[in-house]
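> when you get a sec, could you give me coordinates for this:
(2 chains, ligands or ions: 6)
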Amino acid sequence: MKPTNLNDPEYFHKVVDCQYACPAHTPVPEYIRLIADEKYTEAYMVNWESNVFPGILGRTCDRPCEPACRRGRVEEKPVAICRLKRVAADNKGDVKKHMPQGPFKPNGKKVALIGGGPASLTVARDLAPLGYEIHLFDEWHKGGGMMRTQIPAFRLPEEVLDEEVNYVLDLGIHTYFNHFVHSMKDEILSKDYDAVFVGTGAPSGRKLNLPGFEEAGDNIHIGIEFLASVAFEHKKSIGKKVIVLGGGNTAMDCCRTSRRIGGEDVKVIVRSPFKDMKASPWEIEDAQMEDIPIMNNMPPKEFVVKNGKLKGVIFGKVYADYSSGRRKLIPTGEPDVFIEADDVIIAIGQDNAFPWIERDLGIEFGKWDIPVLHEKTFQSTLPKVFFGGDAAFGPENVITAAAHGHQAAVSMHLFCEGDNLVTDRPDPMTNLYRQKMGIHEWMYDSPVVEDVRYKVGHEDKKKTLRDRKVEVELGFTALEGFKEAQRCLNCDVMTVFDDKLCIECDACMDVCPTDCITFIKNDEEDVLRLNLRVPALNTTQDLYVSETLPTTRVMIKDEDVCLHCGLCAERCPTAAWDMQKYMYSVTKTYEMEGCCSK
Amino acid sequence: MTYIKPTFRHPGLKKNKVGYVRADYEGAISTLCAGCGHDSISGAIVQACFEMSVEPHRLAKLSGIGCSSKTPTYFLSNSHGFNSVHGRMPSVTTGANMANRDLIYLGVSGDGDTASIGMGQFVHAVRRNLNMAYIVMNNGCYGLTKGQDSATTDFGSISKSSGLNDSFQAIDLVGMALELGATFVGRSFSGDKDQLVPMIKAAMSHPGFAFIDCISPCVTFNNNKGSTKSYQFVRDHQEATSTIDFVPHEEEITVDYEAGTSTSVALHDGSKIHLDKLSPNWDPTDRYSAVMRLQEAKLTGDILTGLLYIDPKSRGLHDLMKTSKRPLNSLQEEDLCPGSAALEGINAGFR
Ligand SMILES: Cc1cc2nc3c(=O)[nH]c(=O)nc-3n(C[C@H](O)[C@H](O)[C@H](O)COP(=O)(O)OP(=O)(O)OC[C@H]3O[C@@H](n4cnc5c(N)ncnc54)[C@H](O)[C@@H]3O)c2cc1C
Ligand SMILES: Cc1ncc(C[n+]2csc(CCOP(=O)(O)OP(=O)(O)O)c2C)c(N)n1
Ligand code: SF4
Ligand code: SF4
Ligand code: SF4
Ligand SMILES: [Mg+2]
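Ligands and ions are numbered 1, 2, ... in the order given. Sure, this is the predicted structure:
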């Protein structure tokens, strides 16, 4: 193998599993250390820079970081990264003074943002400090998009949402609320906007046109419409017996919301096996804790309506066959089942819909009505129009919307400056800081604690089911937050090897608790992987390869289960190993100065 | 501040035949200087015991005094141990071994512990062919007492504490062991685990006194330029007599050995030691040739390593003395007390 190229910013970035997995590349271990230090304001700001909505995400994030967390590879459960974010938000001081302070000197450019969800808000935050005049349109009376219309208040209190949406709007954004844009051509492109961002989400809930659907009328609801009307208090009650169709997170929110507005016998019924459900495990768990059974392998066949009133749903019975590689649902031959219901909620997915974008503007659309975009710059086929969030590639989540927003903002800025969107794009900012303080002392807490993952406390079920606005999760206390923070392995503190200093004494290899280090004759990667002290079978994790050493061997470190404990560096007599903190940050528009004004 | 070894281990660690993973053979985290050769030898002992599927409670580790003698704390936490007095490890091991022949005895000592204060004990353990593996972690100095020259410090070698040794010739423990009739004599280097691990395995399987002189740089006091026991010097001057491969009795031989250059030595328990010879005019079972090779290497300034001599017909002390076949702690009254009739008979013999 060739020696590892440490000048590639992605090599060490990949070692920080959580940060690498986070769509916005939030410096997770950095803020976790700040939480352990009780520096909540600083921890909040580290998050705010990267993901704009720490309080919201600390409650609702899809947390792609957690399955990636290294801790999950050395013990059972990853660090509760998401809920730690909330600890920072709950305990922070005055953060506003650390945010950019307007009014900003106008740069003479004007942009339109359509949709007021997390994607547009991120673009707004990133562009405002540069002096852009920003016009934001949304059909509802307040900003936040689906974070407001869809995510129920018992998961995300309105105050938290308002606070973080307002941090953005307070930067001097011109808002046009209660304003549905009906025509891209007439309302936007005909105006003097220098660039346009479309962050309108995926607002069309799928229907299920089975027999009886039309006849059942008002007692069949589309999931996202149902949640929006409950959120805006247009709908305040539901029948006692409710069936929710669908196995995703929307279905979980629908059933739990039903339980709070009159549903007593609420069931989730999925057509395929339980284990194939799309909903996050913790959402399923929370639903089950609220006495909501989930029945599986039951595809709905017919809505039963008598005398103009919905009576229930008939389901078939199937089993899943995976033998062909693609899942097939095959009827078991058992008789169909009828399940009574006063109301049925269909939560089986959403689609993009752009009825308001005329098709003769040069903005091309591909399959499923999804716009044709450059995947890094988010530019559409009409150069001044950009897309992001759910509107770009279909429904995702808040953190992805924020990540798109950052990139779209960079593109829009480059575009307005007349720069090339690809070649003038700024690299991420990186840095390595030595962590040594003394012989056995580092600037980070290197000892590895053994505590298992702490659980977040829940409010009394009697209370939460009575009032849909009572938040279910209580969040970690400061002490729990500290203890959970200590579980973090500090994966951003890198083991950096200097082959010129190594005397090949083996000390690092002998001391490493997880057998990461091997001194061995160089070979092809697949041969080496099998011949290390412990075979490196997780190929998603890189091998760190040194230059050839005097004994003609190379040092190979399997990054897979390194605990970042620093023992290798402590045992090395020559400081050939050093622990260095790696800072990786996605460059934001307001950090680009100089690179664009050439 | 650390000095705490995390308890997490690699989830992919393999189990050996007795169901243990390598981590089960580890000890407390070492307090020796970072980079000390002794730690590397500890690592080799862990590896050897794991690979040999030694049941930890079937092994006793014994030592004297010195940095080297501290190492048993850093390996085999689940084995029996005795940290004795300076230079007295051989007699304590003799006692333990006489009482319980069923354990594997692993003695760890230093060049000071063996070649100075413990010399008298050492030579008798060799002479008696006490069934044990005896490893000297040889750094050519008294590490623990701040690096003074020891009896194995080479003439002309320079160390941090004592400067140039222009007074005394060094004792060569390997040469001495050969002279004294040792039945297994090897030399190795802490920085060469490929050689050291199989040598330790062979030593632990050898029925009788198995001696390993393992050069082990003292990074703090004797790893400087001019020292003949530094990592650099040993790497530059090491000359191996052979590569060594230890094949336990129940395993098949998988390596192809080139005819003519390879020797295979069968041990009493059916295991085999394979030596792929690199040295001419040398036969590992011929004591005389080993002595000669050693002298030649001395003249050329090379540090001869490898398994230098082995007596395949070695018989340990228990065999020689025809002692009890069972450990003393398993003997019951009926085994020990022959009864009054027997006593009468003995007494009658004196009349
Ligand atoms: C029930 C449900 C629960 C969810 N829970 C979570 C969760 O817990 N965690 C998570 O990370 N994600 C969750 N999501 C997904 C998340 O809400 C979205 O991925 C995210 O909000 C997308 O952000 P966005 O900025 O792209 O668009 P959106 O948030 O969808 O915002 C788009 C806004 O634009 C408005 N709009 C659309 N067209 C126009 C127009 N022509 N003119 C004016 N305004 C317009 C819409 O009304 C909306 O307000 C959930 C989604 C649903 C449906
Ligand atoms: C009876 C006695 N005399 C002297 C000492 C002091 N002493 C402690 S260790 C040591 C030398 C150890 O040298 P060595 O065996 O080579 O071990 P190293 O530290 O070099 O590994 C001496 C002289 C002692 N502890 N006990
Ligand atoms: S920091 Fe060093 S000693 Fe600790 S697990 Fe990683 S490689 Fe091993
Ligand atoms: S401890 Fe340091 S000098 Fe020794 S082998 Fe490891 S990196 Fe090299
Ligand atoms: S003084 Fe020398 S022998 Fe003792 S621990 Fe330090 S390096 Fe090893
Ligand atoms: Mg010594």
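
> any idea of the pLDDT on residue 226?
Reading this off chain A. The model reports A:F226 with a pLDDT of 97.

> um, chain B though
In this prediction, B:G226 carries a pLDDT score of 96.

> which other helices and strands contact the helix or strand of chain B with the lowest mean pLDDT?
Taking mean pLDDT, DSSP states H and E as the measure, strand B:262-266 is the helix or strand of chain B with the lowest mean score, a mean of 81. Applying 3 or more CB pairs under 8 Å, 6 or more residues apart in numbering or on different chains; DSSP states H and E, we find strand B:262-266 packed against strand B:272-277. Glycine gets a C-beta too; all of them are placed from N, C-alpha and C.

> tally of neighbours for the closest residue to ligand 3 within the stretch 151-300 of chain B?
Distances between the stretch 151-300 of chain B and ligand 3 by CB to the nearest ligand atom are smallest at B:K193, namely 17.5 Å. Using other CB atoms under 10 Å in any protein chain shown, B:K193 has 21 other residues around it.

> right, and it touches A:D506 too?
Yes - under the criterion of CB atoms under 8 Å, B:K193 is in contact with A:D506, at a separation of 6.8 Å.

> what sits in contact with each of the two?
Between them, B:K193 and A:D506 share these contacting residues under CB atoms under 8 Å, 6 or more residues apart in numbering or on different chains: B:40, B:43.

> surely A:S50 is within a helix?
Yes - the assignment for A:S50 by DSSP: H, G, I helix; E, B strand; the rest coil puts it in a helix.

> excluding its backbone neighbours, what's nearest it?
Spatial nearest neighbour of A:S50, excluding adjacent residues (CB to CB, 6 or more residues apart in numbering or on different chains): A:T26 at 4.0 Å.

> now do the SS call for the nearest residue to A:D558 once chain neighbours are set aside.
Take A:D558 and drop its neighbours on the chain: the residue closest to it by CB to CB, 6+ apart is A:A536, 4.0 Å away. Three-state assignment for A:A536 (three-state DSSP): coil.

> give me the number of residues near A:A536?
Neighbours of A:A536 using other CB under 10 Å come to 26.

> let me know the pLDDT of the residue in the stretch 1-150 of chain B positioned nearest to chain A.
Closest approach of the stretch 1-150 of chain B to chain A (CB to the nearest CB) occurs at B:G35, with a separation of 2.7 Å. Model confidence at B:G35, given as pLDDT, is 94.

> tell me the phi and psi of it?
Dihedral pair for B:G35: phi 90, psi 0, per degrees, to the nearest 10.

> which outside residues touch stretch A:522-530?
Outside of stretch A:522-530, the residues that reach it under the criterion CB under 8 Å, 6+ apart are A:1, A:520, A:531, A:535-537, A:539, A:543, A:545, A:548, A:553-554, A:556, A:558.

> and for stretch B:303-311?
Counting by CB under 8 Å, 6+ apart, the neighbours of stretch B:303-311 from elsewhere in the structure are B:174, B:178, B:182-189, B:192, B:195, B:199, B:202, B:206, B:208, B:215, B:234, B:237-244, B:265, B:273, B:275, B:278-279, B:284-287, B:290, B:293-294, B:297.

> mark which of those are buried, thanks.
Under a neighbour-count criterion of 16 or more other CB atoms under 10 Å in any protein chain shown, the subset of those counted as buried comprises B:174, B:178, B:182-189, B:192, B:195, B:199, B:202, B:206, B:208, B:215, B:234, B:238-244, B:265, B:273, B:275, B:279, B:284, B:287, B:290, B:293-294, B:297.

> which elements pack onto the lengthiest helix in chain A?
Of all the segments of type helix in chain A, defined by DSSP state H, the longest one is helix A:398-417. In terms of contacts (3+ CB pairs under 8 Å, 6+ apart), helix A:398-417 is packed against helix A:40-51, helix A:54-60, helix A:118-127, strand A:195-198, strand A:385-387.

> most tightly surrounded among those?
Most buried of the helices and strands packed on helix A:398-417, by mean neighbour count (mean count of other CB atoms under 10 Å in any protein chain shown): helix A:118-127, with a mean of 31.

> what sits against the residue nearest the centre of chain A?
Most central in chain A under CA atoms, centre = their mean is A:I399, positioned 3.6 Å from the mean C-alpha point. For A:I399, the residues meeting the contact criterion (CB under 8 Å, 6+ apart) are A:22-24, A:51, A:57, A:61-62, A:64.

> quick one: which of those is nearest to ligand 2?
For those, the closest approach to ligand 2 (CB to the nearest ligand atom) belongs to A:C22, at 49.7 Å.

> what about the strands in the stretch 1-150 of chain B?
Listed in chain order, the strands of the stretch 1-150 of chain B (DSSP state E, counting those that start in this stretch) span B:59-63, B:80-83, B:104-110, B:132-138, B:141-142, B:148-149.
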